[in-house]
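**Q** Provided below for reference: sequence and predicted model.
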Amino acid sequence: MGASSKQKGKKDLVLLGLGFSGLELIRYSLLNPSLRSITVIAESRSDFFVLEALCSLKSIAQGFFLSEGSFNTIRWKFLVEKLKRVDVDEKQILFGEGSISFDFLVLVNECRPKFLTHTKGDLFPGLDHEDTNRDKTLGNFKRVVVCGNGFVALAMADYLLGKGLEPTLLTDQSVLISVHFPQEEACLLAKQFRNKGIKLLFNQEISSYEVGLKGEIKGVHLRDGSQMACELVIYENGTFGTFSWLCEHWHPGGYPCEGKDSGVNRSAEGIYVLGRKMYTGETIARDFPELSFREQGYQMAKNIAGSHAFLEAKSSCSNLFRVVGLEWVTYGDFSTLCGKDSQNFYWEHPSGRVSFRLVFDTSHFSVLALGTLGMHFVPDFVEAAIQDKRHVSDFMADLEKGVFAGKMDPEILPKITKAFSVEFRKINRQKNPTFMHKLLDRFS
């Protein structure tokens, strides 16, 4: 399948598995002039739909892997193959029939969704990795239940709705994205899902399946005793890529290849691992012992680029998720678990499609992070404010300078800044009470 990439210094990158870290690696590697090709090899045919949904979620080249093609002179391809082994010395991946060469091999160790269509597991009639019209496969299903409340589950439900299916998002939690997404924004997102026609079921879970005579899934029974008809069930937190052609577990020697003594390990030139607790690229800062998937992908792309200067600039501080027509963008180390030493300023538009959340330090009022729904700021503008520990009032006073030209309703910013000034005066009074307030508090 692949030819040697030694000609003219161009190199081939192969990813085994899917995930956010791999997507970020692809995003930055598409800018790498030293690469000749990028190939993604998946374990299951359903992984194609996961990849498309994640590309849409992260706004990475919509329809990127519909068929073999090219981008910025880099050839790319999506394959579903049963791998036999990796020849580390010759840098070849061997299939049942044929092989593919690589200069850089990256194993992506992230949890991927599990698709259930049949008692035998993931069966997609008519889907072949050479078939460019994969929409025909989804035509075999009408109703689908997506189990989960994270960004991947939301992306899958949104993606399947766009393909003409009738998705229901089911979670055993009471809100969407409960840990890393503020409750107010989660409510806005839930409203948008319902407006788009996606059914949401909270505090529910599947107790059993209704199965047809041939083993096909026909419906599910829920914990409260109700039933739902469906032909497809997707679990957001399904399985980690097992790399079945490799050992089942990680150990200091690496991933030994089947039938071969040499292994895919940390020291093997050009072979790396991305994902949960398995990052083997260059470490960048002691402050981040476990890099985020986004940062892992960026650092790996930079590592692969080597001396090429296209990635010399530091990774952008912004992180974007696009779902059901809304864009949620975070800047800095945004989290709902900021702690008592920080404070939130939150504003939302009456339309429910725009929100602004600023996180700042309660001691020095310095900017810590920003999260926006339906609005964008220049990442460098926000990043400079975070790194320079800029005072929150100065940041808000210059907010207009950080807006992309023509990308926002001109009436929105004045409303945000006005609401902030009112709230910040209250915060200041609480932190620095007047002499009269101190006197009243003392004798009350």
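**A** Sure, I can see it. Values in this document were obtained by computation on a predicted structure and should not be read as measured data.
**Q** mind showing which ranges of the stretch 151-300 of the chain have poor pLDDT?
**A** Flagging of the stretch 151-300 of the chain using pLDDT under 70 yields the residue ranges 179-180, 239-268, 277-290.
**Q** any idea where the strands of it begin and end?
**A** With DSSP state E, counting those that start in this stretch as the criterion, the stretch 151-300 of the chain has strands at 166-170, 199-201, 206-211, 217-222, 227-229, 232-240, 255-256, 263-264, 271-275.
**Q** would JSON lines of the ones you listed with distance to Pro410 and mean neighbour count be doable?
**A** All C-beta spots, glycine's among them, are computed from the backbone N, C-alpha and C. Formatted as JSON lines, those follow (distance: least, CB to CB, whole Å; neighbours: other CB atoms under 10 Å):
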{"stretch": "strand 166-170", "distance to Pro410": "35", "mean neighbour count": "22"}
{"stretch": "strand 199-201", "distance to Pro410": "34", "mean neighbour count": "16"}
{"stretch": "strand 206-211", "distance to Pro410": "48", "mean neighbour count": "14"}
{"stretch": "strand 217-222", "distance to Pro410": "47", "mean neighbour count": "17"}
{"stretch": "strand 227-229", "distance to Pro410": "46", "mean neighbour count": "14"}
{"stretch": "strand 232-240", "distance to Pro410": "39", "mean neighbour count": "19"}
{"stretch": "strand 255-256", "distance to Pro410": "55", "mean neighbour count": "19"}
{"stretch": "strand 263-264", "distance to Pro410": "55", "mean neighbour count": "21"}
{"stretch": "strand 271-275", "distance to Pro410": "42", "mean neighbour count": "24"}
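**Q** out of those strands, nearest to Gly19?
**A** Set against Gly19 and scored by CB to CB, the strands of the stretch 151-300 of the chain come closest in strand 271-275, at 6.0 Å.
**Q** of the strands of the stretch 151-300 of the chain, which is nearest Phe49?
**A** Of the strands of the stretch 151-300 of the chain, nearest to Phe49 by CB to CB is strand 232-240, at 8.9 Å.
**Q** ok, and what's touching the closest one?
**A** By CB atoms under 8 Å, 6 or more residues apart in numbering, the surrounding residues in contact with strand 232-240 are 109-117, 141, 143-150, 152-153, 156, 165, 206, 209, 217, 220, 276.
**Q** mind running it again at 6 Å?
**A** Contact partners of strand 232-240, identified using CB atoms under 6 Å, 6 or more residues apart in numbering, comprise 111-117, 141, 144-148, 150, 152-153, 156.
**Q** hey, what's the closest residue in space to Ile271 that isn't next to it in sequence bridged with?
**A** Among residues not flanking Ile271 along the chain, Leu105 sits closest, at 4.7 Å (CB to CB, 6 or more residues apart in numbering). Counting by DSSP bridges, Leu105 is bridged to Val14, Ile271.
**Q** now swap in Val323 and tell me
**A** Here Val323 sits in beta bridges with Leu326, going by DSSP bridges.
**Q** that one against Leu154, yeah?
**A** Yes - between Val323 and Leu154 there is a contact at 4.9 Å, judged by CB atoms under 6 Å.
**Q** number of nearby residues for Glu411?
**A** Neighbours of Glu411 under the rule other CB atoms under 10 Å: 8.
**Q** which one's the longest helix in the chain?
**A** helix 412-431 (DSSP state H).
**Q** distance from that helix to the middle of the chain?
**A** Here the centre of helix 412-431 is set off from its chain's centre by 33 Å, with CA atoms, centre = their mean, to the nearest Å.
**Q** Lys163 against Asn140, yeah?
**A** No - taking CB under 6 Å as the definition, Lys163 is not a contact partner of Asn140, at 11.6 Å.
**Q** distance check, Val211 against Asp87.
**A** 42 Å (CB to CB, to the nearest Å).
**Q** quick one: the strands in the stretch 301-444 of the chain, in order.
**A** Under DSSP E, counting those that start in this stretch, the stretch 301-444 of the chain gives strands at 318-323, 326-332, 342-348, 355-361, 367-373.
**Q** for the second one, give me every contacting residue.
**A** Here strand 326-332 makes contact (CB under 6 Å, 6+ apart) with 192, 317-321, 369-374, 382, 386.
**Q** what's the angle between that strand and strand 318-323?
**A** Strand 326-332 and strand 318-323 are oriented at 160 degrees to each other (axes from the mean of the first three to the mean of the last three CA atoms, to 10 degrees).
**Q** now do the buried residues in strand 326-332.
**A** Applying a neighbour-count criterion of 16 or more other CB atoms under 10 Å, one finds 326, 328-332 buried in strand 326-332.
**Q** how about stretch 400-418?
**A** 402-403, 408, 412-413, 416-417.
**Q** go on, stretch 358-370?
**A** So for stretch 358-370, counting by 16+ other CB under 10 Å, buried means 358-361, 365-370.
**Q** the residue lying closest to Ser366 once chain neighbours are set aside: neighbour count?
**A** Nearest residue to Ser366, sequence neighbours excluded (CB to CB, 6+ apart): Lys389, at 3.9 Å. Residues lying near Lys389 (other CB under 10 Å) number 13.
**Q** just the one 5 residues further on next, same as before
**A** By the other CB under 10 Å criterion, the neighbourhood of Asp394 contains 14 residues.
**Q** which strands or helices does the helix or strand where Ile93 lies pack on?
**A** Using DSSP states H and E, Ile93 sits in strand 92-95. Counting by 3 or more CB pairs under 6 Å, 6 or more residues apart in numbering; DSSP states H and E, the packing neighbours recorded for strand 92-95 are strand 83-87, strand 99-101.
**Q** how far does that strand sit from its chain's centre?
**A** Taking CA atoms, centre = their mean, the mean C-alpha location of strand 92-95 is offset from the chain mean by 29 Å.
**Q** one more: stretch 195-207?
**A** Worked out by CA atoms, centre = their mean, stretch 195-207 lies 21 Å from the chain centre.
**Q** same check, this time on stretch 145-156
**A** Stretch 145-156 sits 12 Å away from the centroid of its parent chain (CA atoms, centre = their mean).
**Q** that stretch: which residues count as buried?
**A** Across stretch 145-156, burial judged by 16+ other CB under 10 Å covers 145-156.
**Q** just put those residues in a markdown table and tack on distance to Lys10.
**A** As requested, the buried residues of stretch 145-156 are exported to a markdown table (distance: CB to CB, whole Å):
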| residue | distance to Lys10 |
| --- | --- |
| Val145 | 45 |
| Val146 | 40 |
| Cys147 | 43 |
| Gly148 | 40 |
| Asn149 | 43 |
| Gly150 | 38 |
| Phe151 | 34 |
| Val152 | 33 |
| Ala153 | 38 |
| Leu154 | 38 |
| Ala155 | 33 |
| Met156 | 35 |
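**Q** identify the farthest-apart pair in the residues you listed.
**A** Taking every pair in the buried residues of stretch 145-156 and measuring CB to CB, the maximum separation is 17.8 Å, between Val145 and Phe151.
**Q** nothing else from me, thank you.
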